[in-house]
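Q: Take a look and give me a structure for this.
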Amino acid sequence: MAVASARRRPRPVTTMNDALGTMPEGPAAWTRRWIARRLFAIGIVIALVLTVVWATTPVAYFWPGWIFFAVLFPSAMTWSVRLALRAKVRRPLAVHAAVSFVISAALVAIWLLSSHRIFWPIWPMLGLVIVFAAHALFAPSGSTWREKALAERVDVLTRSRRGALDVHVAEMRRVERDLHDGAQARLVSLGMSLGMADELLDSDPAGAHRQLAEARRAAGDALADLRALVKGIMPPVLADRGLAGAVYALVVASPLPVEVTMELPAERLPAPVESAAYFAIAEALTNVIKHSGASFAWVVVMQANGVLSMTVGDDGHGGADPGQGSGLRGIQHRLEAFDGTMQLSSPSGGPTVVTMEVPCELSSPKT
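A: Residues are numbered from 1 along each chain as shown. Presented below is the predicted three-dimensional model:
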């Protein structure tokens, strides 16, 4: 069953602008900054004009200081937070420190403008220091989890690259072996038959006809071997009909009854993902036929939210172990090259269920 429409996912929070709700870089952001700078300049000009007015009056109290405070405090808060966001490690702690510093400076400015003798800002400043110290003491180190996540990512990429190289080498060896033992041997036999037919053409025409018939059979066998080899590299049905058609072709050729459930969009999946998914399903079905002793199997293929999930199960005796054979390990290595995963559930007595997932986005209509 093909599903032409997909549910719309909410936009993930991936940047600091998303987290803070600020506007990303672009024409609108530059326009907003231009307006903010112009307002700041106008505020400074007004404060300077009022300072000149204050200087011409006999009033001793510097009342234009409140205008300077109203203009400078938001700008100082904005620029300090923006500067703190550039920190490479422990960014939340840097933002906390910047905000606390600006608030402390603002409290001192208010104390100066209000002309109080008692330095009362010491108490809120002390509270800010205590809160910041608690934050620094109990907050997890940003560098620690970043380094841990980076190390895990490097390990996954290293393992997946090694697995992809192993799969590639195994495929190359299989192709070389099939060519050497199959098509090459047939073609050598074909050449020998044609040579013998050429020698017997004048002296023994009947024998020459027999050799030509043998050469014809060898040519047909070599062509069949080449077709089988090409099918193992990239099945024509996969290129022509996509993953759904290729999976149905596998099921039709299976000696076991297999129930298939398909929920794929109308658009084609990327060709590398289709190839990896096809061979993973084919290998899982081959394991079912060879080793499970099952009488029934099922295949479920779904694509949703940018993830292609595949499930192959059977009602066999269970007990499958990736460590005892290369088939399941080959599936895992093949999927890891695409950041995919494989999970196996095979208790003794069955059933065996292999669940595979591969992140993928739909190909464009042109592709």
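
Q: so L200 sits right up against L212, yeah?
A: No - the pair L200 / L212 is not scored as a contact, 9.7 Å apart, by Cβ atoms under 8 Å. (C-beta placed from N, C-alpha, C; glycine too.)

Q: Can you give the domain ranges for the chain?
A: 16-139, 155-233, 236-359 (automatic domain parsing).

Q: which of those has the lowest average pLDDT?
A: When these are compared on average pLDDT, domain 155-233 comes out lowest at a mean of 71.

Q: now the strands for the stretch 251-367 of the chain?
A: 258-263, 297-304, 307-314, 341-345, 352-359 (DSSP state E, counting those that start in this stretch).

Q: Put together CSV for those, with mean neighbour count and distance to I331 on each row.
A: Below are those laid out as CSV (neighbours: other Cβ atoms under 10 Å; distance: least, Cβ to Cβ, whole Å):
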stretch, mean neighbour count, distance to I331
strand 258-263, 15, 17
strand 297-304, 19, 14
strand 307-314, 22, 10
strand 341-345, 15, 6
strand 352-359, 20, 7
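
Q: Now distance to K148 too, for the domains of the chain, in a markdown table please.
A: Listed next are these as a markdown table, based on distance: least, Cβ to Cβ, whole Å:
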| stretch | distance to K148 |
| --- | --- |
| domain 16-139 | 13 |
| domain 155-233 | 11 |
| domain 236-359 | 18 |
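
Q: and the ones you listed, which is most packed in?
A: Across these, the average number of neighbours (mean count of other Cβ atoms under 10 Å) peaks for domain 236-359, which reaches a mean of 18.

Q: Could you tell me the end-to-end distance of it?
A: 24 Å (Cα to Cα, to the nearest Å).

Q: try stretch 261-270
A: 20 Å.

Q: picking that back up, which one, of the strands of the stretch 251-367 of the chain, ends up nearest to I46?
A: strand 352-359 (55.7 Å; Cβ to Cβ).

Q: Off-centre distance for that closest one?
A: 16 Å (Cα atoms, centre = their mean, to the nearest Å).

Q: got a list of contacts for that strand?
A: 273, 276-277, 280, 284, 288, 292, 294, 306-314, 316, 318, 320, 328, 331, 335, 338-346 (Cβ atoms under 8 Å, 6 or more residues apart in numbering).

Q: Partner strands of it and their direction?
A: Using DSSP bridges, the strands paired with strand 352-359 are strand 307-314 (antiparallel), strand 341-345 (antiparallel).

Q: wait, which of these is closest to L190?
A: It is, among the strands paired with strand 352-359 and with distance given as Cβ to Cβ, strand 307-314, at 40.1 Å.

Q: Using PDB, write down the CA coordinates of the closest one.
A: Only the C-alpha atoms of strand 307-314 are listed here, as PDB (Å, rounded to 0.1, in the frame of the first residue of the first chain):
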ATOM      1  CA  VAL A 307      13.200   7.100   8.600                       C
ATOM      2  CA  LEU A 308      12.900   4.000   6.600                       C
ATOM      3  CA  SER A 309      12.000   1.100   8.900                       C
ATOM      4  CA  MET A 310      12.000  -2.600   7.800                       C
ATOM      5  CA  THR A 311      10.900  -5.600   9.800                       C
ATOM      6  CA  VAL A 312      11.500  -9.200   8.800                       C
ATOM      7  CA  GLY A 313      10.000 -11.900  11.100                       C
ATOM      8  CA  ASP A 314       9.300 -15.600  11.000                       C
END
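
Q: okay, stretch 280-287 in CSV with CA atoms only?
A: C-alpha atoms of stretch 280-287 as CSV (Å, rounded to 0.1, in the frame of the first residue of the first chain):
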residue,chain,number,x,y,z
ALA,A,280,19.3,-6.2,3.9
ILE,A,281,15.8,-7.6,3.4
ALA,A,282,17.1,-10.2,1.0
GLU,A,283,19.7,-11.3,3.4
ALA,A,284,17.2,-11.5,6.3
LEU,A,285,14.8,-13.6,4.1
THR,A,286,17.7,-15.9,3.1
ASN,A,287,18.5,-16.5,6.7
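
Q: Break down the protein into its helices, ranges please.
A: 16-20, 27-55, 65-84, 91-114, 122-138, 142-178, 184-203, 205-233, 236-253, 271-287, 326-336 (DSSP state H).

Q: how near is E357 to R117?
A: Using Cβ to Cβ, to the nearest Å, E357 is found at 70 Å from R117.
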